[in-house]
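Q: turn this into a structure:
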Amino acid sequence: MSSDGQQPQPPTGAEVVDTMFGRDRASQGLGMQVVESGLGRAVVTMIVRPDMVNGLDVCHGGLIFSLADSAMAFSTNDEDRAAVATNASIDWISPGRLGSTLTATAVEKHRYGRNAVTDVTVVDETGQLIALFRGKTRQVDGRPLG
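A: You can find the predicted model right below:
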């Protein structure tokens, strides 16, 4: 109980995601922005910069994977229960182009016990499908806010 006799309110998903993002130097370093978060859902954007393109002049696939992975992390840890990825796969459909804004939308599809499956769709600003990602997570000891 708080000093005024009220039960403390659990943190909102947005508070958890804001705290996690504030400590996530990798996502910040890649210029990602969390534009939406909610229970089992997150939307994260990233602009493809010149230092993100590979020898074929398209966004490096590993950076698209990182965008999708970050979106999954923000969607999975939204209830202040630490969860880490245990497996993930990606299908690259179209190249991400220099200057494009990529948007990763993560939606938790199924939670069973301490495990969850999350699907992430990555599109560019025109709606062109860039990648499909599926990840699995497992809750571990600890809390993102803790």
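Q: switch to C-alpha atoms for all contacts and neighbour counts from now on
A: Noted.
Q: mind listing what the most centrally placed residue in the chain touches?
A: Nearest residue to the geometric centre of the chain (C-alpha atoms, centre = their mean): A71, 1.1 Å. Applying C-alpha atoms under 8 Å, 6 or more residues apart in numbering to A71 gives the contacts 42-44, 104-106, 120.
Q: now do the helices in the protein.
A: Shown for the chain, the helices assigned by DSSP state H span residues 13-23, 25-29, 61-76.
Q: make a markdown table from those helices and add distance to Q6 and mean pLDDT to it.
A: Below are the helices of the chain laid out as a markdown table (distance: least, C-alpha to C-alpha, whole Å; pLDDT from 0 to 100):
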| stretch | distance to Q6 | mean pLDDT |
| --- | --- | --- |
| helix 13-23 | 20 | 85 |
| helix 25-29 | 36 | 96 |
| helix 61-76 | 29 | 96 |
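Q: tell me the most buried of those helices?
A: By mean neighbour count, with neighbours taken as mean count of other C-alpha atoms under 10 Å, helix 61-76 ranks first of those at a mean of 24.
Q: any idea of the pLDDT on D4?
A: On pLDDT, D4 comes in at 63.
Q: show me the shaky parts of the protein.
A: Within the chain, the stretches with pLDDT under 70 are 1-5, 7-13, 78, 146.
Q: residue boundaries of the strands in it?
A: Secondary structure of the chain by DSSP state E: the strands cover 33-38, 41-47, 83-92, 101-112, 115-123, 129-139.
Q: mean neighbour count and distance to L145 added to those strands, as CSV?
A: Output for the strands of the chain, formatted as CSV (neighbours: other C-alpha atoms under 10 Å; distance: least, C-alpha to C-alpha, whole Å):
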stretch, mean neighbour count, distance to L145
strand 33-38, 17, 16
strand 41-47, 24, 18
strand 83-92, 16, 12
strand 101-112, 21, 21
strand 115-123, 22, 20
strand 129-139, 20, 14
